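Colleague: Curious how this folds, go ahead:
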Amino acid sequence: MNEIKKKIEALETSYKFKSIPAVYLEGRKSRVIKWFTGTIVMGIFILFLPWTQNIRARGYVTTLRQENRPQELNSVIGGKIAKWYVKEGDLVQTGDTIAQLTEIKDSYLDPNLISRTQDQISAKTNGINQYRLKVEAIQNQISALEQGLQVKTRQLTIKVVSDSMDAMAAENEYAIAETQLKRAYIMKDSGLMSTLQIEQRIQAKQSSLAKKISAANKFLNAKSEINQILQEYNEKIYKARSEMASANSEIAAGEAEIAKLNNQASNYVMRNNFYYLLAPQSGQIVKAAKAGINEIIKEGEKIAEIVPSSPSHAVEIFVPAIDIPLLSLGQEVKFLFDGYPAILFSGWPGASYGIFSGQIVAIENTADAKGDFRVLVAEDKTSKPWPKSLKMGVGASSIALLKNVSVWYELWRNVNGFPPDYYETSKDDKKSKK
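Modeller: The predicted structure follows:
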C-alpha cells in the first residue's frame, strides 16, 4: 500500500492532477454528516407542514345553462337548399338568416295555395250564411203554423161548444116529446084525446129524435175536425223542425270545415316562415352538415351547429364513485385549463401559479357507463376570473380541495390506503358564502 501511495504522489507531482485530491479529499474535513443531519431535520420539518387533501379528476369546459351549449340548427320542414347566407366560422346574431329552402312536396308546390284556401273558406262561409237564412225562414214558418193552429183550434172549439149546446137542446126536446107521448096515451085511455092527436105526438117524437141524432153527429164531427186539424198542423210543424235540424247540421258541418281550412291556412303561413332558417341566438356557425345548393334536407335534419358567443362557462368533471361522498355543493375546486401555463403544487394550492377557482353547483345522482359521476363546477366570482378566451370543450384538470392535514398524516394515509377525510364546511364559512 505504501508503494502504491508513493506512486500516486509521484504521479501527482509530475503531472499535477487536480481530480485526485478532489476525489480522495486529502487534507479536507468531510461534510457528509452535516448534509445528512440537515436533510433529516428538513425532512422532519416538512412532515409537519400543512397539506391540503384533494381529489383530482379530468373534465371539459361547458356551460351551466343548456341554451348556452353548442346546439344543432335543424330544419322544421323538408326542402331543398336554395341559398346559403353564411359560411362555417361566421358570427351571426339572433334572427340572422342562415339558409333558404324551397318546397319539394307536391302538396305545397302551388304558389297561390294560401289564397286558394282563403277562397274555400269564403265559399264555405257563404254556404253557412245561406243555411242560416234557411233556418230563420223555417223558424218563421213554424211560428206561422203555430199561430194558424191556435186560430183554427179557437174557431173549432167555439163550434164544438155551439154544437154541444144544440145537441143538449135536441136531447131535451126529445125527452119532452117522449113525455108528452106517454101522457097522450094515458089521456087517450081516458077518452080525452083522439087518435089523430096521438099520431101528431108520435110524429113530434120522431122529429125530435132525428134532431137529437143530427145534433149529436154534428157535435162528434166537430170534435173529430179538431183532432184532424191538430194532426195536420203538427205534421207540418214537425216537418219544418226536421228541415231546420238538417240545416243546423249543415251549419255545424260547414263551421267544422271552416275551422279545418283555417287551420290549414295557418299551417301554410307558418310553413312559409320555415323556408328561411334563422339563428336562434348569437354565436358562431360550425359543422355545416350540408354543402352546396339543391341538396335535399329532411324534416328535423341538422343543417349546421351554432356555438353561443358569450356563454356562462362551467366545467364538467367526472369523479369515481369512491370519491363522490367526499364532495358537496359549494365546495372549492381548482382548475388547470389546457393551453394555459400553470405551476401546480397539489398539496399547497396557495403556492401554485396559473390555476383558477370554482365552486361545485351540481352533482348528478346517476353514474355513466364507466361508473363515474358527473359534477358541474361554476366560476368562483370572488376569486381570480376565468380567461375570457376560454373555449367550449377545452380540457381541464380539476383538484377538489378537502381537509387540511399534516404531510406525515397524508403519507401515512396513502401508505395504508385510507381514503381522504370527509370534507365538512364550517358554519362560519357557509354564512360568509351566503
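Colleague: How about the contacts made by residue 202?
Modeller: By C-beta atoms under 8 Å, 6 or more residues apart in numbering, the contact list for residue 202 reads residue 181. All C-beta atoms are positioned from the backbone trio N, CA, C, and that covers glycine.
Colleague: Grab the nearest non-local neighbour of residue 63.
Modeller: Leaving aside its sequence neighbours, residue 63 sits nearest to residue 311 (C-beta to C-beta, 6 or more residues apart in numbering; 4.2 Å).
Colleague: State whether the one you found is indeed within a helix.
Modeller: No: looking at residue 311 with DSSP: H, G, I helix; E, B strand; the rest coil, it is coil, so not inside a helix.
Colleague: residues contacting it?
Modeller: Taking C-beta under 8 Å, 6+ apart as the criterion, residue 311 is in contact with 63, 65, 68, 69, 392.
Colleague: Model confidence at it, what's the number?
Modeller: Looking at residue 311, its pLDDT reads 74.
Colleague: Quick check: the farthest pair among the contacts of residue 311?
Modeller: 65 and 392 (12.7 Å; C-beta to C-beta).
Colleague: Looking at those two, which has the bigger crowd around it?
Modeller: Per other C-beta atoms under 10 Å, whichever of residue 65 and residue 392 has more neighbours is residue 392, with 15 against 10.
Colleague: The more buried one is in contact with residue 63, isn't it?
Modeller: Yes: Residue 392 lies in contact with residue 63 (C-beta atoms under 8 Å); the separation is 7.4 Å.
Colleague: Could you pull out the residues contacting both of these two?
Modeller: Taking C-beta under 8 Å, 6+ apart as the criterion, residue 392 and residue 63 both touch 69, 311.
Colleague: Could you grab the helix/strand/coil label for the nearest residue to residue 57 once chain neighbours are set aside?
Modeller: Once flanking residues are discounted, residue 57 sits nearest to residue 317: 4.5 Å by C-beta to C-beta, 6+ apart. Put simply, residue 317 is strand when judged by three-state DSSP.
Colleague: surely residue 317 meets residue 396?
Modeller: Yes: if you go by C-beta under 8 Å, residue 317 and residue 396 touch, sitting 7.4 Å apart.
Colleague: Overlap of the contact sets of the two?
Modeller: 58, 59.
Colleague: follow-up on the earlier one: which one of the contacts of residue 311 is nearest residue 297?
Modeller: Using C-beta to C-beta, those come closest to residue 297 at residue 69, 23.0 Å.
Colleague: what sits opposite the closest residue to the closest one other than its chain neighbours in the beta ladder?
Modeller: Ranked by C-beta to C-beta, 6+ apart and with sequence neighbours excluded, the top spatial neighbour of residue 69 is residue 63, at 5.2 Å. Note on residue 63: beta-bridge partners residue 313, judged by DSSP bridges.
Colleague: what about residue 63, how many neighbours?
Modeller: Neighbour tally, residue 63, other C-beta under 10 Å: 19.
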